[in-house]
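Student: Below: sequence and its predicted model.
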Amino acid sequence: MRKRYQRTSRLGPRLGQRLGRRLGHRLGRPSGRRPGRQPGRRLGRPFGWLWGAYGTSALGTWLAFGAFPLIAIQVLHAGPAEVAALSSVGAAVGAVVALPLGPWVEFRRKRPVLIATDLVRCAALLTVPAAFALDALTFLQLLLVSIVVAAADITFRAASGAYLKTLLPAEDLLVANARFESTAWTTTIIGPPLGGAASGLLGPVATVVADAVSYLLSALGIRAMGGHEPPPERREAARPRARDLLDGWRYILADATLRPLFHNTALFNGLVMATQPLLAVLMLGRLGFAPWQYGLAFAAPSIAGLLGSRLARPLVTRFGQHPVLVVSGALRAIWPVGLAFLGPGVGGLLLVTGVEFGLILCCGVFNPVCAAYRLERTPTGRVTRTLTAWTVTTKATTALLTALWGVLGGLLGLRTAIGLAGVLLLATPLLLPWPDRAPRHEPAPARSRT
């Protein structure tokens, strides 16, 4: 498109401008506005390095998926309660630890923070194989490492969102988040099978080493980005204050659009994740599915995430950002209730695969649109605190609902508890920012590219 404008400009300034306006009118763009970037266009070398770093660390994470519970069971002979605590308590305490880091990171350059959190995760994970080699590995160490990694992960996500907003103009945020989303689903597809094979051949500790190396490579990639990061806004107070911890929540709850979206996201993610342990017990225990069938039912539909992330930008271009956000957010809630009718055999396997395919397809559209919309609605000086509050709430809600649904599964039965979560999910679209809640003005433009 840019070359076409250059060719027309050679015909003369006035004629080039006239043809440019006509072309913009045919494409549905107002005259005089810069045409938006297309999904296939490059977003610059710095973003390429950031994208590569994200893909590397995401692949390492999925290679080591389930490594800590496996180490706890096979090496430390931990029981079900300890394994559950390793997954839930580590994430919950990590979220609490990350809470004061949001205001601290907000007023500092984000790129050094990204490198530091990668190196912290790398160092923490490497203590596991080191202790294993010395025959000194304990359950407490696994729990502490999971807390450190969870806190560093939340801090990295918040800082990367703020950094991305300074790196790219507003019209490129959806394309960038769609690429992150497609990368996430790609690593979800290929990571666990490769990690499972590596664990079978070399032991579960090997995948922890691979995860640690991926964070080191991510840090090196971010370091290689180069360029100059604009200085952050100055802190109003000379010292951090206790009330600064709540700044992210105050901004979210004061915004008429972000508030319902925030509630919807936390409740939706929590209810979906709360049923995963119950589904594992139902499928692998009572219904007699083989482990490979269980893995296939949840891994194969991840292809829908790639498709959804590719559809996000064309759908927004055709229908608008807010309608796509609301419709895809509503459609993703209709699928999980079908899991209450799960049965044995091929029919049950096809049911789970179909439900997961539809759910992941809608999430593949919704997630990048939501991420870009959230960044556009949040001022640059508040992004880190807002994303920290958002992530902490989502993780805490997920941990709470997972524990609650574990109790409900024992009281009401597995199938009833799964069905109850599906019914509650059908009500979550009511929390979305429907048109009457939509903002009447566009958010302020992001900072120019550095």
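Tutor: Received it, and whenever you're ready, just let me know what you need.
Student: now the strands for the chain?
Tutor: With strands called from DSSP state E, the chain shows none.
Student: Output the below-cut-off pLDDT ranges for it.
Tutor: 1-41, 80-81, 84, 227, 232-244, 436-450 (pLDDT under 70).
Student: Next one: residue 423 from residue 336, what distance?
Tutor: 9 Å (CB to CB, to the nearest Å). For every residue, glycine as well, the C-beta is placed using N, CA and C.
Student: oh sorry, the question was meant for residue 92
Tutor: Applying CB to CB to residue 92 and residue 336 gives a distance of 23 Å.
Student: Show me which of these two is the more surrounded one.
Tutor: residue 336 (25 against 21; other CB atoms under 10 Å).
Student: Distance of that one relative to residue 278?
Tutor: 12 Å.
Student: likewise residue 49?
Tutor: Residue 49 is 41 Å from residue 278, by CB to CB.
Student: what do you get for residue 169?
Tutor: Residue 169 is 44 Å from residue 278, by CB to CB.
Student: Residue 230 touches residue 163, doesn't it?
Tutor: No: counting by CB atoms under 8 Å, residue 230 does not reach residue 163; the two are 10.3 Å apart.
Student: Between those two, tell me which one has more neighbours.
Tutor: residue 163 (22 against 12).
Student: Count the neighbours of the residue nearest to the more buried one when sequence neighbours are not counted for me.
Tutor: Nearest residue to residue 163, sequence neighbours excluded (CB to CB, 6 or more residues apart in numbering): residue 110, at 3.9 Å. The tally of other residues near residue 110 (other CB under 10 Å) stands at 25.
Student: Surely residue 110 is in contact with residue 156?
Tutor: No: Residue 110 lies out of contact with residue 156 (CB under 8 Å); the separation is 9.8 Å.
Student: ok, which stretches of the stretch 151-300 of the chain are helices?
Tutor: Secondary structure of the stretch 151-300 of the chain (DSSP state H, counting those that start in this stretch): helices at 173-202, 204-223, 247-254, 258-274, 276-281, 291-299.
Student: Indicate which one of those helices is closest to residue 75.
Tutor: helix 204-223 (7.7 Å; CB to CB).
Student: Residue 332 touches residue 362, doesn't it?
Tutor: Yes: at 3.5 Å, residue 332 counts as touching residue 362 under the criterion of CB under 8 Å.
Student: Between those two, point out the one with more neighbours.
Tutor: residue 332 (25 against 22).
Student: who are the neighbours in contact with that one?
Tutor: 268, 359, 362, 363, 366 (CB atoms under 8 Å, 6 or more residues apart in numbering).
Student: how about it, phi and psi?
Tutor: When quoted as degrees, to the nearest 10, the phi and psi of residue 332 stand at phi -70, psi -20.
Student: try residue 65
Tutor: phi -60, psi 120.
Student: Share the number of residues neighbouring it, please.
Tutor: Every residue meeting other CB under 10 Å relative to residue 65 is counted, giving 18.
Student: Against residue 276, how distant is it?
Tutor: Residue 65 is 13 Å from residue 276, by CB to CB.
Student: same question, residue 49
Tutor: 34 Å.
Student: now swap in residue 127 and tell me
Tutor: Distance, residue 127 to residue 276, by CB to CB: 28 Å.
Student: Comparing these two, which residue is more hemmed in?
Tutor: Set side by side, residue 127 and residue 276 show more neighbours around residue 127, with 17 against 13, by other CB under 10 Å.
Student: excluding its backbone neighbours, what's nearest that one?
Tutor: That would be residue 145: by CB to CB, 6+ apart, it lies 6.4 Å from residue 127.
Student: I figured that neighbour hits residue 124, correct?
Tutor: Yes: between residue 145 and residue 124 there is a contact under CB under 8 Å: 5.0 Å.
Student: Show me how the record splits the protein into domains.
Tutor: 42-226, 244-439 (automatic domain parsing).
Student: just to revisit the earlier point, tally of neighbours for the residue nearest to residue 127?
Tutor: Other residues close to residue 145 by other CB under 10 Å number 22.
Student: Out of the contacts of residue 332, name the ones that lie in helices.
Tutor: Here DSSP state H is the test, and the contacts of residue 332 give 268, 359, 362, 363, 366 as lying in helices.
Student: Using JSON lines, please lay out those together with distance to residue 151.
Tutor: Converted to JSON lines, the ones in helices among the contacts of residue 332 look like this (distance: CB to CB, whole Å):
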{"residue": "268", "distance to residue 151": "24"}
{"residue": "359", "distance to residue 151": "29"}
{"residue": "362", "distance to residue 151": "30"}
{"residue": "363", "distance to residue 151": "25"}
{"residue": "366", "distance to residue 151": "27"}
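Student: The closest residue to residue 63 other than its chain neighbours: neighbouring residues, count only.
Tutor: Distance criterion CB to CB, 6+ apart; nearest residue to residue 63, sequence neighbours excluded, is residue 195 at 4.0 Å. Residue 195 has 25 neighbouring residues, counting by other CB under 10 Å.
Student: Identify the residues contacting residue 195.
Tutor: Contacts of residue 195 by CB under 8 Å, 6+ apart are 62, 63, 64, 65, 66, 67, 207, 210.
Student: And it, how close does it get to residue 217?
Tutor: 17 Å.
Student: Same question for residue 58.
Tutor: Distance from residue 58 to residue 217, by CB to CB: 12 Å.
Student: give the contact list for the closest residue to residue 351 other than its chain neighbours.
Tutor: Distances taken as CB to CB, 6+ apart put residue 342 closest to residue 351, at 5.9 Å, once the chain neighbours are dropped. Neighbouring residues of residue 342 by CB under 8 Å, 6+ apart: 279, 282, 283, 287, 348, 351, 352, 415, 418.
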